[in-house]
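In: prediction below, plus the sequence it came from.
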Amino acid sequence: MSEETPTSETLANLLKENRRFEPPAELAADANVKADAYDEAASDREAFWAKAADRLTWDTKWDKVLDDSKPPFFKWFTGGKLNAAYNCVDRHVENGKGDKVAIHWVGEPEDDTRDLTYADLKREVSKAANALASLGVATGDRVAIYMPMIPEAVIAMLACARIGAPHTVVFGGFSADSLASRLDDCNAKVVVTSDGGYRRGSPAALKPAVDEALTKTDVVEKVLVVRRTGQDVEWNDDKDVWWHDVVDSASEDHTPEAFDAEHPLYVMYTSGTTGKPKGILHTTGGYLTQASYTHWSVFDLKDDDVYWCTADIGWVTGHSYIVYGPLANGVTQVLYEGTPDSPERGRWWKIVQEHKVSIFYTAPTAIRSFMKQGPDVPGRFDMSSLRILGSVGEPINPEAYVWYRHVIGGDRTPVVDTWWQTETGAMMISPLPGVTAGKPGSAMKALPGIDADVVDDEGNSVPNGSGGYLVVSSPWPSMLRTIWGDDDRYVDTYWSRFKAKGFYFAGDGAKKDTDGDIWVLGRVDDVMNVSGHRLSTTEIESALVSHPCVAEAAVVGATDADTGQAVVAYVILREGVDQGEHIEKDLSDHVRKEIGPIAKPRSIMIVPELPKTRSGKIMRRLLRDVAEKRDIGDTTTLADSSIMELISAGQATSTED
Ligand code: PRX
């Protein structure tokens with residue numbers, strides 16, 4: 001962990017925020033969850049989660065709610081058996097909801113739409129499950145999914161869950177190298193992909209990245225390819241199989257097997273503080289319990305709601321709040337393939353109007369980009385169907401919160417700022433829309449059944465009005481179970497910082513205000529949050545130093561008005577390398593190739609030296625001062641104090657692209 005804690009400047013700014021938004025009376029009167037839920041959960045947490053688990057359909061009831069005999073390897077609902085896909089699909093059909101629309105799919109090209117009812121979904125998931133089995137996928141095998149936002153992505157995930165084959169969805173924006181390292185790490189037997197998807201009005205290829213990844217790893221036996229765009233693809237007869245050949249001809253009958261509550265459901269890779277992404281393992285019963293309970297309570301879900309989460313299925317938000325939570329709740333939802341501004345800037349709002357979306361869940365970075373376009377763009381559309389707005393992925397600044405509520409929500413809609421992580425699996429800290437008087441910028445309180453706190457260096461709870469480290473102090477059902485293949489790293493990363501107290505350390509700094517409400521301030525470790533995407537400074541540094549011209553690199557996440565944070569890199573070139581005019585672009589392209597476009601630095605500065613302590617640790621805090629054009633902080637621990645002057649002088653003359 002680096003030396004940083006939340007700045008007192010940020011704390012002071014937030015303390016000035018005193019606007020409050022009471023829940024709408026009608027919503028409060030009819031809310032799924034009322035204030036008594038907090039007391040109920042506090043009086044018996046396990047009974048509270050057992051009741052939430054009862055919202056699912058179990059083949060065999062659990063013996064024990066929480067097995068905490070071997071911390072931090074906790075188990076939930078042990079002895080219980082269920083099938084996640086059955087819970088998300090079949091049971092709704094059996095309950096007479098076969099004709100209810102599960103997914104209103106909206107392709108990026110206008111008029112390219114498809115509606116799938118729960119009966120359709122059951123048929124397609126069953127066929128895909130049979131097809132995967134025919135390709136040799138057995139219970140326990142891993143399947144990678146590298147796809148655009150098309151219904152087959154959801155179908156593939158549920159088909160895996162149905163046969164007990166843990167999936168690992170890799171975001172389509174990741175490069176072939178990133179994909180290959182994930183395939184290798186989890187030993188994926190099959191990759192499900194497509195020829196491409198539509199982005200910004202044209203087809204964007206995906207299959208070539210899979211082809212390239214397969215030249216770097218030999219673990220994959222088959223590649224199942226959906227034809228989406230019709231673009232040309234290279235074809236390897238030994239491995240490649242068209243979805244329409246094997247899935248369309250597969251049987252519609254598939255009996256889902258019940259798996260242990262702790263059976264692995266999926267592995268989701270996320271950036272940590274080292275160069276190697278961590279495969280976060282989620283299991284079945286506890287995960288599905290908390291994902292569905294929070295989706296139902298935090299969005300106050302009713303049977304006639306139309307829900308839309310704009311996340312990509314390649315991130316945990318897409319897993320918990322497009323696939324597992326909403327579908328377990330039998331929701332009708334929108335799934336959109338493309339970018340928010342294609343073919344026009346009001347595309348999202350047009351979709352809200354057309355489908356009468358009532359619950360809308362997005363990220364602050366998107367809200368800020370709409371703020372920049374002004375209120376006229378959404379103002380052209382009728383969005384009176386909206387009743388609840390959600391935010392996730394990064395701290396929402398009070399101005400963005402108020403704009404969201406006012407311009408998008410017409411001042412009727414509560415905004416729920418939901419704090420959680422890939423590791424937590426589901427929402428942890430959030431307002432309840434029928435209970436909480438929201439404060440712009442605050443995620444408010446831990447949800448019923450969740451114990452979170454803000455603590456000092458020793459793990460002691462800080463008094464109201466102070467800042468510190470965000471921790472979770474009791475196990476929760478949708479918690480990660482381990483890092484795939486690396487139990488030691490799991491213990492070290494999450495449970496060693498406050499070992500004596502047994503707390504899970506989230507990596508975030510937070511503040512408790514004078515009412516005890518929580519304001520999440522962002523990461524205090526070497527993890528960045530760029531447009532809600534999680535990136536590791538070390539991972540980008542490793543990508544930079546793998547370029548033949550680079551001797552050393554340091555990367556910081558600098559505050560950015562649009563993206564929350566932006567990647568700023570400081571690079572020392574190898575001796576004798578001619579700097580040339582293209583070096584910055586070459587390095588930027590290199591990062592893009594190694595990791596993906598999301599990791600592309602906002603600026604790269606070529607520097608003669610990096611600021612280091614006497615023990616050789618890079619002082620990123622000082623580099624962040626330079627990147628954010630602040631006065632440079634305390635340099636007394638620097639081995640060579642003249643370095644910062646050299647770097648700042650260079651920064652003053654460099655231009656950011
Ligand atoms: O820093 C916090 C930030 O996103 C991190 C988790 O990122 P990831 O695992 O990619 O999951 C994102 C979607 C859940 C957290 O450690 N974060 C997430 N939600 C919020 C947030 N920061 C402030 N407020 C939030 N509501």
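Out: Looks like it came in fine.
In: for stretch 411-424, buried residues please.
Out: Counting neighbours by 16 or more other CB atoms under 10 Å, one finds that the buried residues in stretch 411-424 are 413, 414, 415, 416, 417, 418, 419, 420, 421, 422, 423, 424. To be clear about C-beta, it is placed using only N, CA and C from the backbone, and glycine gets the same treatment.
In: using CSV, list the CA coordinates for that stretch.
Out: What follows is stretch 411-424, C-alpha atoms only, in CSV (Å, rounded to 0.1, in the frame of the first residue of the first chain):
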residue,chain,number,x,y,z
ASP,A,411,-36.5,15.9,-9.5
ARG,A,412,-38.8,13.0,-8.8
THR,A,413,-36.3,10.2,-8.6
PRO,A,414,-34.1,9.2,-5.6
VAL,A,415,-30.5,8.7,-6.6
VAL,A,416,-28.9,5.6,-5.1
ASP,A,417,-25.1,5.8,-4.9
THR,A,418,-24.1,2.2,-4.6
TRP,A,419,-20.7,1.3,-3.3
TRP,A,420,-19.3,-2.1,-3.9
GLN,A,421,-16.5,-3.9,-5.7
THR,A,422,-15.7,-6.9,-7.9
GLU,A,423,-14.6,-8.6,-4.7
THR,A,424,-17.8,-7.8,-2.7
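In: ok, and the closest non-adjacent residue to whichever residue of the stretch 151-300 of the chain sits closest to the ligand?
Out: In the stretch 151-300 of the chain, the residue that lies nearest the ligand is residue 270 (5.2 Å; CB to the nearest ligand atom). Once flanking residues are discounted, residue 270 sits nearest to residue 422: 4.2 Å by CB to CB, 6 or more residues apart in numbering.
In: doesn't residue 268 make contact with the one you found?
Out: Yes - at 5.4 Å, residue 422 counts as touching residue 268 under the criterion of CB atoms under 8 Å.
In: now the common contact residues for the two.
Out: Listed as contacting both residue 422 and residue 268 by CB atoms under 8 Å, 6 or more residues apart in numbering are 280, 315, 316.
In: the ligand next: which of those residues are close?
Out: residue 316 (CB under 6 Å from any ligand atom).
In: narrow the shared contacts of residue 422 and residue 268 to those in strands?
Out: Counted as lying in strands by DSSP state E, out of those, are residue 280.
In: a markdown table please, covering the shared contacts of residue 422 and residue 268 and showing distance to residue 394 and pLDDT.
Out: Formatted as a markdown table, the shared contacts of residue 422 and residue 268 follow (distance: CB to CB, whole Å; pLDDT from 0 to 100):
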| residue | distance to residue 394 | pLDDT |
| --- | --- | --- |
| 280 | 19 | 98 |
| 315 | 12 | 96 |
| 316 | 14 | 98 |
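In: what's the neighbour count on residue 296?
Out: The number of residues packed near residue 296 is 20, by other CB atoms under 10 Å.
In: and the host helix or strand of it, what does it pack against?
Out: Using DSSP states H and E, residue 296 falls within helix 285-298. Contacts defined by 3 or more CB pairs under 8 Å, 6 or more residues apart in numbering; DSSP states H and E place helix 285-298 against helix 45-53, strand 75-78, helix 325-328.
In: including mean pLDDT, could those go into a markdown table?
Out: Shown next, in a markdown table, are the helices and strands packed on helix 285-298 (pLDDT from 0 to 100):
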| stretch | mean pLDDT |
| --- | --- |
| helix 45-53 | 98 |
| strand 75-78 | 98 |
| helix 325-328 | 99 |
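In: rewinding a little: give me the distance from the helix or strand just after the helix holding residue 296 to the chain's centre.
Out: With elements assigned by DSSP H and E, the helix or strand that comes after helix 285-298 is strand 306-309. Distance of strand 306-309 from the chain centroid (CA atoms, centre = their mean, to the nearest Å) equals 17 Å.
In: put the alpha carbons of strand 306-309 into PDB.
Out: Output in PDB follows, covering the C-alpha atoms of strand 306-309 (Å, rounded to 0.1, in the frame of the first residue of the first chain):
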ATOM      1  CA  VAL A 306     -38.400  -1.700 -16.800                       C
ATOM      2  CA  TYR A 307     -34.800  -1.800 -15.700                       C
ATOM      3  CA  TRP A 308     -31.700  -0.700 -17.500                       C
ATOM      4  CA  CYS A 309     -28.100  -1.100 -16.400                       C
END
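In: that concludes my questions; thank you for your assistance.
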